[in-house]
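1. I'd like to go over a predicted model; first the sequence, then the structure.
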Amino acid sequence: MIIQLSKQITEEQKQLVFTSIEEQNCKWREIDTQLGSYLLVLGKIGFDIRLIGNLPGITDIHRVTDDYKLVSGKWKTHPTAIVLDDQVSIGAGDLTVMAGPCSIEGEEQILATVEFLEKLNIRIMRGGVFKPRSSPYSYRGAGIDGLKLWHSICAPRGIRIISEVMEMDQIDAMYPYVDIYQVGARNSQNFNLLDALGRIDKPVMIKRGLSGTIDELLYSAEYVFSGGNEKIILCERGIRTYEKAYRNTFDINAIPILKEKSHLPVIADPSHGTGIRSLVEPIALASVAAGADGVIVEIHRTPEKATSDAQQTLDFDEFGRLCAKARAVYNLVAG
């Protein structure tokens, strides 16, 4: 059960609610976020919720049977939208496109990408400065100095930044320079990291784990929400299966089921979902048709020279064609 508390609730009214819950032999947990205050009622809920719902200081009360209660779609009237500014939002009834290189490499690369994104009116640039690599000898990112350089180029142009955070001690260092923290597949069940991201007031995009289930992704999101951060985005990025014809198996079913189970916006990552350049466009279009709120795509002016993930990275012309088709598909589905 989720109880939404009024912003004007008094301490006396709150104590009355606590007592009433305890009288029903239930436990409760108080959760304060950037957007509201909630009581999460735990245990077997077998009583008439009107006994508590009519108490002063309560805005609404919802019976939610899912174990991941706060991110469940059963208590939200409308899907959640993540608003970054007047021009940039995710899940607000328009297709969101995020694009950029796998790894931030230097000033020339950043400038070329930013100028290209501006021509397409894309306002969110992706890129990695801390790279989790399977081999310790692969390029592992430009670090915080690379992020500062990237931010200095993007901020004056109104381009927002999404980048992966790998460790708790990176959160504060990255905070002034990122607009969305990305939790990668390898960290999707790093619960200490998720707890820490629950204590910040910037959006967090959580990617599905390498072999993670839908429920496990939603539990990860619940960690962040229960920590106090409601600004969460879910990302389907493919899972590891027995199939060897491509890097990962992109689970197109995940898009509509996540939209059904949760009120959070859903982004598709066809780059990691396939690992093959020629497959990125069809899977991106399929994701939009399946109901994704947006896509995140790896691009590079010269993919063959990229320091990482060259095999799944689109060049600028390929990405431009993808954007046009994706928006056409989105308009067709939305219409």
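-> Yes, it's here.
2. name the nearest residue to L314, sequence neighbours excluded.
-> I299 (5.0 Å; C-beta to C-beta, 6 or more residues apart in numbering). C-betas here are computed from N, CA, C, even on glycine.
3. how near is that neighbour to I124?
-> Using C-beta to C-beta, to the nearest Å, I299 is found at 13 Å from I124.
4. overlap in contacts, those two.
-> Taking C-beta atoms under 8 Å, 6 or more residues apart in numbering as the contact rule, I299 and I124 both touch A99.
5. just confirm G141 is within a strand.
-> No - under DSSP: H, G, I helix; E, B strand; the rest coil, G141 sits outside any strand and is assigned coil.
6. picking up where we left off before, quick check on I299 and I124: which one has the bigger neighbour count.
-> I299 (26 against 22; other C-beta atoms under 10 Å).
7. for that one, what are its contacts?
-> With contact set as C-beta under 8 Å, 6+ apart, I299 has these partners: A99, G100, P101, T113, F116, T313, L314, D315, F316, E318, F319.
8. and the fifth one, which of the three is it?
-> Here F116 is helix, with the state taken from three-state DSSP.
9. number of nearby residues for it?
-> Using other C-beta under 10 Å, F116 has 18 other residues around it.
10. and it, how far from E107?
-> Here F116 is placed at a distance of 15 Å from E107 (C-beta to C-beta).
11. swap in the last one?
-> Noted for F319: a distance of 21 Å to E107, by C-beta to C-beta.
12. pull the helix or strand with minimum mean pLDDT from this structure.
-> Least confident helix or strand, the chain: helix 50-53 with a mean of 86, by mean pLDDT, DSSP states H and E.
13. residues making contact with it?
-> So helix 50-53 is in contact with I3, V17, S20, I21, Q24, I58, D60, I61, going by C-beta under 8 Å, 6+ apart.
14. how about it: buried residues?
-> Going by neighbour count (16 or more other C-beta atoms under 10 Å), the buried part of helix 50-53 is I52.
15. I appreciate the help and will end here.
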